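# next input, structure requested:
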Amino acid sequence: MRMVWTILLRMRLWLRGIKTNKCIAEGPVKLDLNSEAKITLGRNVFFRGNCELKVRENGLIELGDNVRLDFGVRITVAADYSIKLHEGVDIGFCSLINGGEDITIGSGTALGGHCVIQSSEHIVANNQEISVVEGNYKRGKISIGKSTWLASFVVVRPNVTIGDNTVIGAFSIVNKDIGDAQMAAGIPAAIKKRL
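Just a heads-up that it's a prediction; the model follows:
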């Protein structure tokens, strides 16, 4: 079946004018793209199946060489923003990368299952006259360095930088910067030791 899913994905990308660069699919990949959407794929990008790439207006998703997306990974980017996964990034089962602002993940970094990288959040204001969904957003860039590991169920909030060679423990919420070669964990994540 891998060959069938791969051929289907490559044909759909090719019809959109997107170079496939020998991408591989082990299951269905949903593409939710408008006419201005931009996707670039490095060589040998691997989709495990039931993944989704969603680009609004002129947003950009850039997947570097040998990026791997496990089952159920969803990557969505808003207008005018970008999500860039550098070479060898590995995204775990059912993780979500939501780019309401720019997101960059450095080469060799891995995310465990069910991680959420969220660069925009709804704002709830006092005496708000419209629904939360229709309201304003807090937006902020997210940058995750090279050779970093986010264990399962980690949430990264807007305006956060995580350094190179860093480990974030499972079930942590990262709401402030974490430097290079640190181990952090907790709600909110705090530095536990230097690596």
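
# who's in contact with residue 192?
Applying C-beta atoms under 8 Å, 6 or more residues apart in numbering, we find residue 192 in contact with 169, 183-186. In this view, the C-beta of every residue, glycine as well, is placed from N, C-alpha and C.

# tell me which helix or strand it sits in.
Counting by DSSP states H and E, the element that carries residue 192 is strand 190-194.

# so what strands line up beside that strand?
strand 182-185 (antiparallel) (DSSP bridges).

# ok, the helix or strand of the chain with the lowest mean pLDDT: who's next to it in the sheet?
Here the helix or strand of the chain ranked lowest by mean pLDDT, DSSP states H and E is strand 137-139, holding a mean of 82. Here strand 137-139 is paired, per DSSP bridges, with strand 120-122 (antiparallel).

# got any ranges where the chain has weak pLDDT?
For the chain, the stretches with pLDDT under 70 are 125-135.

# gap between residue 37 and residue 73?
Residue 37 is 18 Å from residue 73, where distance means C-beta to C-beta, to the nearest Å.

# between those two, which has more neighbouring residues?
When residue 37 and residue 73 are compared on other C-beta atoms under 10 Å, the one with more neighbours turns out to be residue 73, at 25 against 21.

# contacting residues for that one?
Residue 73 makes contact with 48, 51-52, 91-97 under the criterion C-beta under 8 Å, 6+ apart.

# can you give me the helices for this protein?
Under the criterion DSSP state H, the chain contains helices at 2-15.

# give me the most central residue, it.
Residue closest to the average C-alpha location in the chain (C-alpha atoms, centre = their mean): residue 97, at 3.1 Å.

# that residue pairs with what?
residue 75, residue 117.

# verify the contact between it and residue 75 for me.
Yes: the pair residue 97 / residue 75 is scored as a contact, 4.7 Å apart, by C-beta atoms under 8 Å.

# and for the two, which residues touch both?
Counting by C-beta under 8 Å, 6+ apart, the shared contacts of residue 97 and residue 75 are residue 83.

# contact partners for the residue nearest to the centre of the chain?
73-76, 83, 91, 103, 105, 117 are the contacts of residue 97 under C-beta under 8 Å, 6+ apart.
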